[in-house]
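In: I would like to see how this sequence folds:
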Amino acid sequence: MVDTKKCTFCGFEIEPGTGKMYVKRDGSVYSFCSNKCKKNMLKLGRTNRRVKWTKAYEKTSKKSPEKKPKKMAKKRKPASEEEGEKKAGGKDTKKPPKKLKPVAKKPKSRTKEKKKKAKTKKDKKAEE
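Out: Predicted structure coming up:
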């Protein structure tokens, strides 16, 4: 079976091939699951009992890890009941769709107008 190690700082298991191993001059060996744990312990000098996301904090503090209750799915009513229901005020539960504003048309470009005028002038000259 594959041998897993525990992170010296946070206490979570480290899978083989991941994490970092740190050896001090006095021969003590630390194994860290992430750079976050390594920096917190060695560079910042934090103790794992005072950092909330570690297992050591959960053991020493009186608070147990907070578990959020799962959201219950709302029961849907059949479509026939939803349409027939009305609020106490006598209004429908569904709002009417919003009316769309009319879109203004862009004015024609002047180049097209000039071309039309030029054609009409040529037609007049050709007729004469």
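
In: which non-adjacent residue is nearest residue 37?
Out: residue 9 (3.9 Å; C-beta to C-beta, 6 or more residues apart in numbering). All C-beta spots, glycine's among them, are computed from the backbone N, C-alpha and C.

In: which residues touch the one you found?
Out: Contacts for residue 9 (C-beta atoms under 8 Å, 6 or more residues apart in numbering) come out as 30, 32, 37-38, 40-41, 48, 54.

In: and if you look at residue 46?
Out: residue 40 are the contacts of residue 46 under C-beta under 8 Å, 6+ apart.

In: Helix, strand, or coil at it?
Out: coil (DSSP: H, G, I helix; E, B strand; the rest coil).

In: State the distance from it to residue 124.
Out: 92 Å (C-beta to C-beta, to the nearest Å).

In: quick one, helices of this protein?
Out: Assigned by DSSP state H, the helices in the chain fall at 35-38, 55-60, 79-84, 110-127.

In: looking at those, which has the lowest confidence?
Out: Comparing mean pLDDT across the helices of the chain, the weakest is helix 79-84, with a mean of 56.
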